[in-house]
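*Asks:* Sequence first, then the predicted structure, then my questions.
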Amino acid sequence: MSLIQYLVGKIVTYLLVLCIGITITFSLPRFMPGDPIDGYLAQIMTQAGQRMSPQAMEELRQSLSELYCLKGSLLSQYFGYMKRVFLTFDFGPSLSSFPRPVSEFIANALPWTLGLLGTSTLIAWTLGNLIGLLAGFFHNNRIATALEVIGVVIYPIPYYIIALVLILLFAYVWQIFPLSTTIRPGPLTFEKMKTIFHNSFLPGLTLVLAGFGWNILGMKALAYATKEEDFVTYARLKQVPPRTIMVSYVFRNGILPQVTALALSIGMIFNGALLTEILFSYPGLGLLMRTAVGAGDYNMLYGTITMSIVAVATAALVIDLLYPLFDPRIRYR
Amino acid sequence: MNLNLRLKIGLTILAIFTLGSVFLPYFTDVDPSAQGTYYRRLPMSREHLLGTNTLGQDIFWFLVFAVRNSLILGVGVSSCTVVISVIVGLSAGLIGGIYDRIVMVVTDSFIAIPSFPILIVLGTLVRGRTNFWLLGLILVVFGWAWTARTVRSMALSIREREFISTARFSGTSTLGIILKEVFPYVYAYIVVGFINSILFVINTEASLAVIGLSKVEIPTLGSIIFWALNYSAMFVGQYTWIVAPVVATVLLFLGLFLTSTGYNELFAARRGHS
């Protein structure tokens, strides 16, 4: 498999994943019993029934069915939806804070999610792999075993439990971090960066703790298996120093499946990040989704979901495209 | 860490949880989710092991039913996903070719697509009409992909082994080969996949419930935390309301995980000897 073949394959898969994901979101409201528009209109009627004329209602219904692409045949609806997602990135106006477009809200929220998720995943992955490498390479050592036990215990704990425990410990019992996020808008000063760090610490810690157990276990198993390979035994007999064996022999080989696994699990990590954001009121996509649900803002909901599918698929693609940097076998063949 | 130790601890925890949630409900005739059954905010006592909450419910019995419902949902949904993943994984691995490629792209998409946002939308669309089993059905749709992937890679690796050819040349039918030769090999992975799937299902339902997007009237490991958070259990000093479900969840998940990895390694060791 040449490099170009590898890249083309990954990009084709990326487009297919996007298409399947978008198709699922497209078909969701159509498989559901009842009409979301009717439900939404009924909700508006009870909230503002007095102030809306029947004509305005009809107009709203029209624009809503246009927004959900519920006009025309199913096929033309489908292509209309695809066009909006891939070409124009237009999800219509937010229904709860009317004329402002959904894309504006998403553009505000996305950097928060990506910043939190990116930083914490990087830390969790690096730290987890280092610990896993040590635990696997020195598997008879007591400290290494202790590290592995930590991985085993932390790994299965769900995100919301870790978030709750951290909130209980560090925002309630020992009040050194805020219960929920408050970041005022304004220019990016040193003071503001400090506030952001202070507010992001607990959500970030949640994601790191929830993510790194898995990396420890994965890398430990890989390092342990690689250590027993013939080429490592040969290197040892050749008197290559143990540290070189650990870094250039065991780590270089063990890291490859870990990169692939990271690309595959980025969707799971993203799920956890959304939940963590909601629990900490962190101003990212997750909180946007939760408020959209509370306000019955379907435009916002569909915008955020579509955006998260695109974001996750793209993140996985980026990791896949970086993979040849780690694996020379793909680069040089 | 000793392999059998993991399995032992895991199975012990699971046995306690299963027995407790199967038999304990026979010792009470009170609906745990009914509000105002007891006096509010009673401390821990022999009658109310974990006290009562702001809603006048007995926390201990609510927790027992929560564990039971979460386990039922997990086992029920996982039984369905396991059947789907085995069919998809085995067929993809054994048939191969174009069919395998198409199936794998679909499987990888289901792994890559973040399921949580989609579940949030579904929760909103069917709000008020949410049925516990509809939720289960949705979890089946998003739960089969990981196991299917493992089963398929196993099937791929055995397809070329000699004993498969031997069986085929001695006249065993394809179905016979799958049942008698392939299945015993894939079996361990199916068990591990089944347990992991229970973890996934309980976790996802609880995550949705914690933010109020599941059927929160039904006691589950998530909805108990939802109510505790909603009534600010920590601020009014009702620690048991929130600490007890957290401890129960951690123990249950640890038990499931230890059983799955312990069993996996036990099987790997056994396969190594024979």
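*Replies:* Sure thing, it's come through. Numbering: from 1, shown residues only, chains lettered A, B, ... in the order given.
*Asks:* near chain B, which residues of the stretch 151-300 of chain A?
*Replies:* The stretch 151-300 of chain A comes close to chain B at residues A:152-153, A:155-161, A:164-165, A:168, A:172, A:217, A:264, A:266-268, A:270-271, A:274-275, A:278-279, A:289-290, A:293, A:296, as judged by C-beta under 8 Å from any C-beta of the partner chain. C-beta here means a position set from N, CA and C on the backbone, and glycine is covered the same way.
*Asks:* are any of those residues buried, and which?
*Replies:* Those of these that meet the buried threshold are A:152, A:155-161, A:164-165, A:168, A:217, A:264, A:266-268, A:270-271, A:274-275, A:278-279, A:289-290, A:293, A:296, by 16 or more other C-beta atoms under 10 Å in any protein chain shown.
*Asks:* mind listing the strands in chain B by residue range?
*Replies:* Counting by DSSP state E, chain B has no strands at all.
*Asks:* So which residues of it form helices?
*Replies:* Assigned by DSSP state H, chain B shows helices spanning B:3-23, B:59-95, B:97-112, B:115-125, B:132-143, B:145-159, B:162-169, B:174-176, B:183-210, B:221-230, B:239-273.
*Asks:* What score does residue 104 have for pLDDT?
*Replies:* You didn't say which chain, so I picked chain A. Predicted confidence (pLDDT) at A:Glu104: the value is 85.
*Asks:* Let me rephrase: I mean chain B.
*Replies:* At B:Met104, pLDDT is 87.
*Asks:* how close does the residue in the stretch 201-333 of chain A that chain B sits nearest to sit to A:Pro111?
*Replies:* Nearest residue of the stretch 201-333 of chain A to chain B, counting by C-beta to the nearest C-beta: A:Asn271, 3.7 Å away. Per C-beta to C-beta, to the nearest Å, A:Asn271 is found 19 Å from A:Pro111.
*Asks:* again, but for B:Lys8
*Replies:* From B:Lys8 to A:Pro111 the distance is 48 Å (C-beta to C-beta).
*Asks:* Compare neighbour counts for these two and give me the winner.
*Replies:* B:Lys8 (14 against 11; other C-beta atoms under 10 Å in any protein chain shown).
*Asks:* neighbours of the residue lying closest to the more buried one once chain neighbours are set aside, just the number please.
*Replies:* Excluding its sequence neighbours, the residue lying closest to B:Lys8 (C-beta to C-beta, 6 or more residues apart in numbering or on different chains) is B:Gly262, at 7.6 Å. Per other C-beta under 10 Å, the neighbour tally for B:Gly262 reads 22.
*Asks:* can you tell me which residues contact the spatially most central residue of chain A?
*Replies:* Closest residue to the average C-alpha location of chain A: A:Phe270 at 2.3 Å, with C-alpha atoms, centre = their mean. Neighbouring residues of A:Phe270 by C-beta atoms under 8 Å, 6 or more residues apart in numbering or on different chains: A:117, A:308, A:311-312, A:315, B:114, B:116.
*Asks:* Pipe those residues into TSV and attach neighbour count per row.
*Replies:* Rendered in TSV, the data for these read as follows (neighbours: other C-beta atoms under 10 Å in any protein chain shown):
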residue	neighbour count
A:Leu117	28
A:Ser308	30
A:Ala311	19
A:Val312	24
A:Ala315	21
B:Pro114	24
B:Phe116	24
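*Asks:* mind showing which ranges of chain A have poor pLDDT?
*Replies:* Residue ranges of chain A with pLDDT under 70: A:1, A:29-52, A:64-73, A:98, A:183-187, A:332-333.
*Asks:* Swap in 50 and give it another go.
*Replies:* Scanning chain A for pLDDT under 50 picks out no residues.
*Asks:* which helix is the longest one in it?
*Replies:* Longest helix in chain A, counting by DSSP H: helix A:190-227.
*Asks:* Next up, the contacts around A:Leu164.
*Replies:* A:279, B:225, B:242, B:246.
*Asks:* again, only this time at 7 Å
*Replies:* By C-beta atoms under 7 Å, 6 or more residues apart in numbering or on different chains, A:Leu164 lies in contact with B:Val246.
*Asks:* Tell me the spacing between it and B:Pro117.
*Replies:* 21 Å.
*Asks:* cool, and A:Glu148?
*Replies:* From A:Glu148 to B:Pro117 the distance is 34 Å (C-beta to C-beta).
*Asks:* Next, report how far stretch B:180-193 is displaced from the centre of its chain.
*Replies:* 19 Å (C-alpha atoms, centre = their mean, to the nearest Å).
*Asks:* Show the average pLDDT along that stretch.
*Replies:* Across stretch B:180-193, the average pLDDT comes to 82.
*Asks:* what does stretch B:117-125 give?
*Replies:* 77.
*Asks:* how far does that stretch sit from the chain's center?
*Replies:* Relative to the chain's own centre, stretch B:117-125 is displaced by 20 Å; criterion: C-alpha atoms, centre = their mean.
*Asks:* Is any residue of it near chain A?
*Replies:* Yes. Using C-beta under 7 Å from any C-beta of the partner chain, stretch B:117-125 comes into contact with chain A via B:117-118, B:120-122, B:124-125.
*Asks:* Could I get the CA-only coordinates of stretch A:239-257 as PDB?
*Replies:* Below are the C-alpha coordinates for stretch A:239-257, written out as PDB (Å, rounded to 0.1, in the frame of the first residue of the first chain):
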ATOM      1  CA  GLN A 239      23.700  -5.100  24.800                       C
ATOM      2  CA  VAL A 240      21.600  -2.200  23.600                       C
ATOM      3  CA  PRO A 241      21.000   0.000  26.700                       C
ATOM      4  CA  PRO A 242      17.600  -0.800  28.300                       C
ATOM      5  CA  ARG A 243      16.500   2.800  27.900                       C
ATOM      6  CA  THR A 244      17.100   2.700  24.200                       C
ATOM      7  CA  ILE A 245      15.200  -0.600  24.000                       C
ATOM      8  CA  MET A 246      12.300   0.900  25.900                       C
ATOM      9  CA  VAL A 247      12.100   4.100  23.700                       C
ATOM     10  CA  SER A 248      13.200   3.100  20.300                       C
ATOM     11  CA  TYR A 249      12.100  -0.600  20.200                       C
ATOM     12  CA  VAL A 250       9.100  -1.100  22.500                       C
ATOM     13  CA  PHE A 251       7.600   2.400  22.400                       C
ATOM     14  CA  ARG A 252       8.000   3.000  18.700                       C
ATOM     15  CA  ASN A 253       6.100  -0.200  17.900                       C
ATOM     16  CA  GLY A 254       3.600   0.100  20.700                       C
ATOM     17  CA  ILE A 255       2.600   3.600  19.800                       C
ATOM     18  CA  LEU A 256       1.100   2.700  16.300                       C
ATOM     19  CA  PRO A 257      -2.000   0.700  17.500                       C
END
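*Asks:* Which positions in it come out as buried?
*Replies:* Applying 16+ other C-beta under 10 Å to stretch A:239-257 flags A:245-246, A:249-251, A:253-255 as buried.
*Asks:* can you map out the helices along the stretch 51-200 of chain A?
*Replies:* A:54-67, A:74-83, A:102-137, A:142-154, A:159-166, A:190-227 (DSSP state H, counting those that start in this stretch).
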